[in-house]
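> Here is my input; please provide its structure:
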Amino acid sequence: MVRSKAPSKKQQKKGIDFKKIKRKLGRKLPPPKNSTNTEIKSKAIILPEQSVATNKEGLAVSKKGLTLKELLQQTSHHNAKVRRDALLGIKDLVLKHPAELKLHRYAVIDKLRERISDDDKVVREALYQLFKTEIFPGCAEDNQGPFISLMMTYIFNAMTNLAIDIRLMAFKFFDLVVQFYPPCFSLYAEKILQSYEDILRKNQFYLEDKGKLKTTLSGLVRCLSLLPSKKPESEKNSSGDRMMHAFEPDAPTENVGFSVIIKKLKELVLVLINCFQDFIPLLNSMPQLDAQSFECILSILQSINIALRFFIYVTHEERQESKPLQGALDQTLSSGLLKKLLGVFPLCPKHHLSVKEDDRYFILNMVITEIFLHLHDWICLSANVFEKFLEFIENALLGKICSSTRSGKATWEKHVPSLLAFIPKLASEVSTVWQSLLFEAFTQTFKDCNPESSLKMACLSTIEEMLVPRGEMHCTEATDTVVLDYQTVWIRELPLLLTLLGDKWPSSSQVVLNLLLRLGRFACSNSLLLWEYENAQSALCEFYSTCHEGNIYYGPFMRLPRDSQELSICCLYYFSNLSTPLLKSIASCCLCPELEPFVLFRIIEVLHSAYRAGHIQVADHISFFMTLLSRFKVLPDNICPVRESDGKVSNRGTLKSLTSMVCSCLSQMGESSVVLRMLEKSLLDLVFLEPPLDNACAMLRVLVMLDSKPTRLSEQSIIALSNFLPGYLMDVVHCMPEDDVHSRRYYLLPCFFLFDRSKELLKLVLNVIGSFLTDSSLSLASPTSTKYATDSLSRINATVSLLLLMYKDPKVQKIISLFRTEIGSILQSIASLQSSKVKMTLEERHRFQCSFEQLKAVSSTLLVD
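You can find the predicted model right below:
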């Protein structure tokens, strides 16, 4: 039986407590209904800025409105671009406000030094440019010691950084510090040399980045250039040379001694030799020598060369002080230089060279040759290698190695002087054949180079050492015919070079004159050199002045500075027999109005010293003096309007000083009577040529100085003087104003002395004056007529004034009273001329009448007495 189904129960509806909502992926769930909204909304309230902290009015700000403090803070920002912009902002601010740097220089340097080891290359370069262009120049006038001590700690830290770029940049920073503060190297020499040694040992970047190596090596060359390489005497006289042991008093630490430097420097030289050796395969493999490789090799060789010069300097000092020779080369260093450096000489390319590369190889070989010349006494080279260097030196002097282009000639003139200093010593140690070849090449170089070039000056310095050796300079004996032949050529070139230089290159002319002066001093003890020095007089005439067809052409002497003129004047003393043509040439310079009085008097002083030493003939010496006195031109030439006080217009005072100096020199030449006997005829001949009043007065003063009382003049001379003096006296009285008593007395006094010494002369002069006042003399000119008092009225007035002046002189008054007849005749002639024969205005007649009455009163009083 089938069971029946039970009735189904209806499912009862139940209430849903949580409804499940299906969500698609990626949709954000809505917040629950009972969640609390915590979002805060606000609106900004904009108010005008009134805070004192943000008010920058009156402050120094950059283009972006940032102050120096804000910019310094940004230099430590984590973003490299912000740091760089901050450095640029500081540069902009300092340019606009330089005072900010002076006020805050310590704070600025203290903050910026942190960026020396910055990780970003652009930031480091911006910092370098900031120090180079703004900070160091802005602090140049301050005490730089504290600034440097602030920076050096961070520079040394950067030199040990693991990043090679930061290390190389540290050397660049140090090079900048040395440029602005050279004593810095002496303070930190040991650490610096050690740092350079460490960086150069890591040669993995030689071929990869030669630009950075070049920068590092150039800094090394600059540092080593501060090492002493000259004797102390020359260093004291040269302000540009800085000694290793020179340090500023404000330096934080004391300088290190030479012993530590020598040890470190020898280690560094060995490293530099290895660096050079590493470049040799590169030179052989490269198709051409690029600029960066050339600069690197050149800096390496220059560093080695400077270090060797320092070793030589130290060795020289140690020998003088009898100390152990720490500067001498040890076996390791000598062997390295001989095998790795000198052994590869000359550097020769494996491929065809361009003109520029040819010059580059020439420069490198020149530096190696200089190193060889420094080491010549310390290293024994084989004959083959020695011959190579001698051949190179000869060809370098002759210009056979450099290219013939303009750049090649410039390179030749720049680098050849480094060899010239070694020529004297080298020539004394080689065979006669090589000696002749070297001298010939050197002489050709001396003749071919430009007169004003540095090469010409270097040649002159070498010639000086070979003509006048000094100190420890080894020079070939003067008796060697090879040397004598070339010495003759060199001496004969000097006066020609002096004229060729002219006045355009006074410094070069001074070098030549110094050489001539030293040669003159040295030639006195060398008869062979003295002969050539004497023969230079004819060529020197053109240097002073020349005369052609009556026209005088002045040489460079007139336009050179006073110190050069002084040197040329001193050279005259050492000629054992000054020639007449040279004296004439010098006299023409002395008569030039443009010559300074000091130089004129200096010439006379030196020439008189030469005369006293027996270097000038008596006749030439006297003739020189008489030429000056008779031909010296006073400007202006008319004496009338010029007063003694008008010194800016006239050179009359110079002639008076010249006259006094000539009188002093003549008085020292011997017995006055003997000198007068030699001088009397020539002097009176010059006087009778009727020179200007100033020159006539000068020669009369010389005559009075040599004469005595009673006069030593011959009767013929007295007669001749009686014909000249009346016209001279009347011209002086006519030209000189009556109130200028001092000037009148200066010109009349020589005549009064002559009258005092010879009464016969005064009598003859009075007779001639009386003859001036006759009708025939007034109407016709006579050989004894005056230059200025030419008309009758002028003569009459001049005669009256002259007689009054003679009466006022006590000595002449006593003598003139003895010649009453002559005075009476003159007065009678003047009285007869008061008629209408002489045309006068009322004023002139009144003035004449007063003077004549005064004269009659004075003469009548003396006649009664």
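> Quick one: the strands in the chain, in order.
545-548, 551-554 (DSSP state E).
> the longest helix in this protein is where?
If you go by DSSP state H, the chain has its longest helix at helix 291-320.
> buried stuff in it?
Residues of helix 291-320 classed as buried: 293-315, 318 (neighbour count, 16 or more other CB atoms under 10 Å). The way it works is simple: take the backbone N, C-alpha and C, and place the C-beta from them, glycine included.
> right, so of the strands of the chain, which gets closest to S579?
Among the strands of the chain, strand 545-548 comes nearest to S579, with 14.2 Å by CB to CB.
> low-scoring stretches of the stretch 251-400 of the chain, by residue?
Applying pLDDT under 70 to the stretch 251-400 of the chain flags residues 251-257, 321-328, 350-353.
> could you redo the last one with a cut-off of 80?
251-260, 282-287, 316-330, 349-356, 377, 380-381 (pLDDT under 80).
> residues touching the nearest residue to P597 once chain neighbours are set aside, list them.
Leaving aside its sequence neighbours, P597 sits nearest to T654 (CB to CB, 6 or more residues apart in numbering; 4.7 Å). Residues in contact with T654 (CB atoms under 8 Å, 6 or more residues apart in numbering) are P597, L600, F632.
> how close does the first one get to C590?
Counting by CB to CB, to the nearest Å, the gap between P597 and C590 amounts to 10 Å.
> In terms of packing, which of the two has more residues around it?
C590 (21 against 13; other CB atoms under 10 Å).
> quick one: contacts for the more buried one?
L600, I603, I604, L628.
> lowest-pLDDT helix or strand in the protein?
helix 232-237 (a mean of 36; mean pLDDT, DSSP states H and E).
> Looking at the contacts of T654, which is nearest N577?
Closest to N577, out of all of the contacts of T654 and judged by CB to CB, is L600, at 23.3 Å.
> Wait, the closest one touches L658, no?
Yes - contact criterion CB atoms under 8 Å: L600 and L658 qualify, at 6.9 Å.
> from the chain's centre, how far out does stretch 526-544 sit?
Centre-to-centre, stretch 526-544 and its host chain are 27 Å apart (CA atoms, centre = their mean, to the nearest Å).
> and what of stretch 806-825?
The mean C-alpha position of stretch 806-825 is separated from the chain mean by 64 Å, CA atoms, centre = their mean.
> again with stretch 376-383
Worked out by CA atoms, centre = their mean, stretch 376-383 lies 39 Å from the chain centre.
> Contacts for it next, please.
Counting by CB under 8 Å, 6+ apart, residues outside stretch 376-383 touching it are A328, L329, S334, L337, L338, L342, F372, F389, L426.
> Could you rerun that using 10 Å?
308, 311-312, 315, 328-329, 333-335, 337-338, 342-343, 345, 372, 375, 385-389, 422, 425-426, 429 (CB atoms under 10 Å, 6 or more residues apart in numbering).
> do the same with stretch 448-458
Applying CB under 10 Å, 6+ apart, the set of residues contacting stretch 448-458 is 397-399, 409, 412-421, 445-447, 459, 496-502, 504-505, 507-509, 511-512.
> and the residues you listed, which of them are in helices?
Short answer: these in helices (DSSP H) are 397-398, 409, 412-415, 417-420, 445-447, 459, 496-501, 507-509, 511-512.
> out of those, which are buried?
Of the ones in helices among the contacts of stretch 448-458, these count as buried by 16+ other CB under 10 Å: 397-398, 409, 412-413, 415, 417-420, 445-446, 459, 497-501, 508-509, 511-512.
> Distance to K41, mean neighbour count and mean pLDDT added to the strands of the chain, as TSV?
Shown next, in TSV, are the strands of the chain (distance: least, CB to CB, whole Å; neighbours: other CB atoms under 10 Å; pLDDT from 0 to 100):
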stretch	distance to K41	mean neighbour count	mean pLDDT
strand 545-548	104	14	89
strand 551-554	100	12	91
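> As a markdown table, those with distance to I148 would be great.
Listed next are these as a markdown table, based on distance: least, CB to CB, whole Å:
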| stretch | distance to I148 |
| --- | --- |
| strand 545-548 | 57 |
| strand 551-554 | 55 |
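> Identify the spatial nearest neighbour of M661, chain neighbours not counted.
I604 (5.7 Å).
> and the one you found, what is it in contact with?
I569, C590, F624, F625, L628, L658, M661, V662, S664, C665.
> ok, so what distance separates M457 from L501?
With CB to CB as the criterion, M457 and L501 are 11 Å apart.
> whoops, I mixed them up, R222
Distance from R222 to L501, by CB to CB: 34 Å.
> C402 too?
25 Å.
> Over to T445?
Taking CB to CB, one finds T445 at 18 Å from L501.
> Give the full set of residues in contact with T821.
K763, L766, N767.
> Which member of those residues is positioned nearest R745?
The closest of the contacts of T821, once distances to R745 are taken by CB to CB, is L766, at 20.1 Å.
> how deep is that closest one tucked in, by neighbour count?
22.
> That one and P726 touch, don't they?
Yes - taking contacts as CB atoms under 10 Å, L766 lies within contact range of P726: 8.6 Å.
> Pull the contacting residues for F136.
I109, L130, Q144, F147, I148, L176, V177, Q179, F180, Y181.
> how about stretch 64-77: buried residues?
L66, T67, L68, L71, L72, Q74, T75.
> biggest separation within the residues you listed, which pair?
T67 and T75 (13.3 Å).
> Residues that sit against both of these two, list them.
Common neighbours of T67 and T75 (CB under 10 Å, 6+ apart) are G89.
> doesn't L168 make contact with S218?
No - S218 is beyond contact range of L168, at 11.9 Å (criterion: CB under 10 Å).
> Relative to R492, how far out is the residue lying closest to C697 once chain neighbours are set aside?
The spatially closest residue to C697, leaving aside those adjacent along the chain, is Y747, at 5.0 Å (CB to CB, 6+ apart). Relative to R492, Y747 is positioned 50 Å away (criterion: CB to CB).
> Neighbour count for the two, which is higher?
The residue with more neighbours, out of Y747 and R492, is Y747; 22 against 13, by other CB under 10 Å.
> Next, the contact list for that one, please.
Per CB under 10 Å, 6+ apart, neighbours of Y747: 639, 693-694, 696-697, 700-701, 728-729, 731-733, 735-736.
> and if you look at T133?
Contacts of T133 by CB under 10 Å, 6+ apart are K91, V94, L95.
> confidence score at it?
Here the pLDDT value assigned to T133 is 89.
> can you check the one 3 residues further on too?
Reading off the confidence values, F136 has pLDDT 85.
> The one 10 residues further on too?
P146 is assigned a predicted lDDT (pLDDT) of 77.
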